[in-house]
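# sequence and predicted structure are below.
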Amino acid sequence: MAGSHLTIGVLALQGDVREHELVLDGLGVSHRHVRIPTDLVGIDGLIIPGGESSVIDKLSRIFDVRDPLISAIAGGLPVLGTCAGLILLASTVIGAIDGQQTFGGLDIEVERNAFGGQVESFETSIDMPVIAGGPVMAAFIRAPLIRDVRGCSVIATLPNGEIVGVRSGNCVGIAFHPELVAESRVHEWWLDAVVAGAQR
């Protein structure tokens, strides 16, 4: 496993932090919480979990970690953003609340809650050609949708062709939750192709 020597930070301000940690545990990968600027020192990659993007944005400012996060991402730190994490990596957000900001990293337009509210949540298999072994199971919970891609590679789509995953260099953003449906292959691919790949 390429990620066994890595230390991954999980942004632990709000959201499904524990679920990502359980996936990393299953893959034998060391991890730690990131809440304040010094937590970024020495990590090989960062996961921005699902949750409420506007709350994570506000808390990142309260904990003074927003600007260091922006600098680290711009400086090449490998990042995986899931659901709200995707929104926080986007350059443009449709349906953002007043004053909501992002960390940047992906030149895309994302629509918040594109599938509706909690009751419209669903699980499905999606096409993700970067992942070996066939379709990927994914949970969509108040999920965003990528409406416009500018300079990013599309890595995941719904059966109807709608875009739910992109990559641009060190940044990967997906609209769904693989960590909630026992799907570890997305993390495994990210650790090998993006995080370890940045070290090679």
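On my side now, so go ahead. Treat the numbers as computed from the prediction; the structure is a model and nothing was measured. Residues are numbered from 1 along each chain as shown.
# for the rest of this, base every contact and every neighbour count on C-alpha atoms.
OK.
# pull out the buried positions in stretch 134-152.
Neighbour-count burial for stretch 134-152, counted by 16 or more other Cα atoms under 10 Å, picks out 136-147, 149, 152.
# turn these into a markdown table, including distance to residue 95, secondary structure and pLDDT.
Converted to a markdown table, those look like this (distance: Cα to Cα, whole Å; DSSP: H, G, I helix; E, B strand; the rest coil; pLDDT from 0 to 100):
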| residue | distance to residue 95 | secondary structure | pLDDT |
| --- | --- | --- | --- |
| 136 | 28 | strand | 95 |
| 137 | 27 | strand | 94 |
| 138 | 23 | strand | 95 |
| 139 | 21 | strand | 94 |
| 140 | 18 | strand | 94 |
| 141 | 16 | coil | 91 |
| 142 | 13 | coil | 90 |
| 143 | 12 | coil | 92 |
| 144 | 10 | coil | 94 |
| 145 | 11 | strand | 95 |
| 146 | 13 | strand | 97 |
| 147 | 12 | strand | 96 |
| 149 | 17 | strand | 95 |
| 152 | 21 | coil | 95 |
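# how about CSV for the residues you listed, with distance to residue 181 added?
As requested, the buried residues of stretch 134-152 are arranged in CSV below (distance: Cα to Cα, whole Å):
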residue, distance to residue 181
136, 10
137, 7
138, 7
139, 7
140, 10
141, 12
142, 16
143, 15
144, 18
145, 19
146, 21
147, 25
149, 27
152, 26
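# from these, pick the one nearest residue 40.
Nearest to residue 40 among these, counting by Cα to Cα, is residue 152 at 25.1 Å.
# surely the closest one touches residue 171?
No. With contact defined as Cα atoms under 8 Å, residue 152 does not count as touching residue 171 (9.4 Å).
# how about the strands in the chain?
7-11, 30-34, 45-48, 79-82, 90-94, 106-111, 122-126, 136-140, 145-149, 153-157, 163-168, 171-174 (DSSP state E).
# residue 58 is nearest to which of these?
strand 7-11 (13.2 Å).
# pull up the pairing partners for that closest one, direction included.
With DSSP bridges as the criterion, the sheet partners recorded for strand 7-11 are strand 30-34 (parallel), strand 45-48 (parallel).
# what's it in contact with?
Applying Cα atoms under 8 Å, 6 or more residues apart in numbering, the external contacts of strand 7-11 come out as 17, 20-21, 29-35, 39-40, 42-49.
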